[in-house]
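Q: quick check, what structure comes out for this input:
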Amino acid sequence: MRPIFVRISWSLLATLALTIGLLASGGAYKSISPLPDAGLLVSWSNQLFTLGSVLIGLLIVGLLTVHTFLEPTTKSDLTLAGQKALKTVTRLSLIWAIFNAATAITTLANVLGLNLQQTFAPGVLQTYIFDFAPSRILIISSILALGVALGATLANSLNSAAALFVVSLAAVAYPLTNSHSAALGNHSLAITASVAHGVSMSVWVGALFALYPFIKNGQMAVVNRFSILASACVAALLVSGIVSAVTRMQSFSDLVSTGYGSLVFAKCVLFLIIAFCAIRTRRALALSQRAGAFVVWELTTMALAIGIGVALHFTPPTRLTRPGNSAAEDILGFNFPPAPSMKNYVLGWYPDWFILSVALIGAALYVVGLVRLRQSGITWPALRTGSFLIGVSILIWVSCAGISKYAMISFSAHMIQHMVLAMIVPIFLVLGAPITLALRALPSGTGQDSRNARAWIISLLHSKYSQVVTNPLLVLLIFIVSLYGIYFTSAFAGLMSSHIGHIAMEVHFLITGILFSFLVIGVDPAPRRLPHWAKLILVLVALSVHAFFALAIMQSTTPIGDTWYSQVQPPWLTNQLDATYTGGGIAWAIGELPTLMLLIIVAVQWSRDDARTAKQVDRAADRDEDALLKQYNERLGNLNNSQD
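A: Sure thing, here's the model as predicted:
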């Protein structure tokens, strides 16, 4: 059967599951007369466009996964099959962009209670499409899909295909950030679980679909690599699925007593069937038996599970909202904490589950690398280990302790969080030399028919992208924009008002700090090395920029981020301008310590490099009996004689 007919059949099966799921759970269209109503056509169109967007997105992610990371190749360029796959990605991405845009329009129409004719009336889309968060997110995802389509027409290397893979994952994940209400509680946990669930599902299902030709041809090397990837995706799906269900249901009895719970239960059953088919498929392939039937059943069950999953998105969850004591607390999703104190800052608990997950995974990978080195008999400096783990610990504290909650309602607390993320955590992480550890712990991959993790790291280090992002002028520009471009514009309040915007800002601060510290004190392999005097100048320039930034905040006549903080002002914070002044002082005070640390580290590294160079010169002189010095003296003598 031709691939196009397989995709159509698979899509129809998912559509059938979506329809049955919506009708059974009560998520299908119901008239809400006499209130404004978008109508049956808009409601069902929105649900079908959403399903189509999900299916197309996972097909694109799957094609990029298989032909970038799993397909055999010993070169940096894509194979002929990979180039053909990119042409398919181009076509699918254009359709994906259309589906995302259509979903945005029908979502807006549903919220406004307008039919399609009214929605396309002059001024409606222009006025509301970017002001309403769900439709704005979908439009951005549509733009990302267009970016994938354009990139796929130009890409011809594994590195460029990997970049397209990252963009496609972003387009898949971004709409999932709008899948939970803060009023239900555990907002950060629920959003993180939803994104992990959607991404892992797209990689697993999409890759299996793209892998089918390799399975038919018995290319076991590709299948074995996929099995490792699939195992990780299944584990992520299992954990994130459980978390998503728990954060959206009131109790486990909802599984059998509510429409939403019945869909969750059905999805769990389908997941078990998929796992059974996957195990049988791997076993048949290991025994060189035909596994096509099990793959077909696996894909069929996946289509049903995806349809049920989209139906869940449109079915109201059973967890009851938790209204706060005020409108401000409803916006925040939590009650105001007590007045700040050292104890509340240090010992409180308000986790950002995304950053917490990334930090724990990073620490776990670092420890695994240490274990591998020890098994190989290779020593690793304890100071590097301690430095990295201290950095991870500080990262977890600043993003998950009480300071994280106070940062949402007080600019001074936010500035503590910013300074620690951007200036203290990166120093410890960079001195931990995680790239060097990875290169020593990972196998070389000699004799393999595809890039392994170590080869990807080396390729990234040698890429033009790395040369660009480690340019000192660009790093300094990013550092300046991070300060002035965010805090002295409306961008800061806009980012604070969105959970995803706040995470993006935290990640931006962290990455900016890591780039700066890597350039100044990095001990890992790097695409460029600055001389030590240039590093000192870079630190001093950054210090000056940061000092002026702190002074500008302290002298501000209006509160920074007032449009956000005025909405969530707690009773114990009586003057936002005082908080702004305090935040500027904190920026000045905290910024001095890490800058001094950087200067001391650069000086120590400079001294050690000079001592190392001197030893090398001395050893060379001992070997050749000061041949260079003799040549130099002889040249001076010749010059002196010629002048005479």
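Q: going forward, measure contacts between C-alpha atoms and count neighbours the same way
A: Noted.
Q: which stretches of the stretch 301-450 of the chain form helices?
A: Secondary structure of the stretch 301-450 of the chain by DSSP state H, counting those that start in this stretch: the helices cover 327-332, 342-347, 353-375, 382-400, 402-407, 411-419, 425-431, 434-441.
Q: quick one: those helices as CSV, columns for distance to residue 84, mean pLDDT and mean neighbour count too.
A: Formatted as CSV, those follow (distance: least, Cα to Cα, whole Å; pLDDT from 0 to 100; neighbours: other Cα atoms under 10 Å):
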stretch, distance to residue 84, mean pLDDT, mean neighbour count
helix 327-332, 48, 80, 17
helix 342-347, 55, 88, 14
helix 353-375, 34, 94, 16
helix 382-400, 42, 95, 20
helix 402-407, 47, 92, 24
helix 411-419, 45, 93, 21
helix 425-431, 40, 95, 25
helix 434-441, 32, 93, 19
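Q: which parts of the stretch 451-600 of the chain are helices?
A: Counting by DSSP H, counting those that start in this stretch, one finds helices in the stretch 451-600 of the chain at the ranges 453-461, 464-469, 472-480, 486-487, 491-496, 499-521, 532-554, 562-565, 576-624.
Q: other SSEs contacting the longest one?
A: In this structure, helix 576-624 packs against helix 411-419, helix 499-521, helix 532-554, with contacts taken as 3 or more Cα pairs under 8 Å, 6 or more residues apart in numbering; DSSP states H and E.
Q: please name whichever of those helices is nearest to residue 83.
A: Smallest distance to residue 83 across the helices and strands packed on helix 576-624 (Cα to Cα): 32.5 Å, for helix 499-521.
Q: what helices and strands are in contact with the closest one?
A: Under the contact definition 3+ Cα pairs under 8 Å, 6+ apart, helix 499-521 sits against helix 425-431, helix 472-480, helix 491-496, helix 532-554, helix 576-624.
Q: what are the contacting residues of the first one?
A: Residues outside helix 425-431 that contact it (Cα atoms under 8 Å, 6 or more residues apart in numbering): 384, 387-392, 394-395, 510, 513-514, 517-518, 521-523, 594, 598.
Q: hang on, the earlier thing: deepest-packed of the helices of the stretch 451-600 of the chain, please.
A: Across the helices of the stretch 451-600 of the chain, averaging neighbours per residue (mean count of other Cα atoms under 10 Å) puts helix 499-521 on top, at a mean of 20.
Q: sorry, back to before: pipe the helices and strands packed on helix 576-624 into CSV and attach distance to residue 14 per row.
A: Shown next, in CSV, are the helices and strands packed on helix 576-624 (distance: least, Cα to Cα, whole Å):
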stretch, distance to residue 14
helix 411-419, 45
helix 499-521, 29
helix 532-554, 54
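Q: which stretch among these comes nearest residue 343?
A: Taking Cα to Cα, helix 411-419 is the member of the helices and strands packed on helix 576-624 nearest to residue 343, at 13.5 Å.
Q: ok, which of the helices of the stretch 451-600 of the chain comes nearest residue 16?
A: Here helix 499-521 is closest among those (Cα to Cα), at 32.8 Å.
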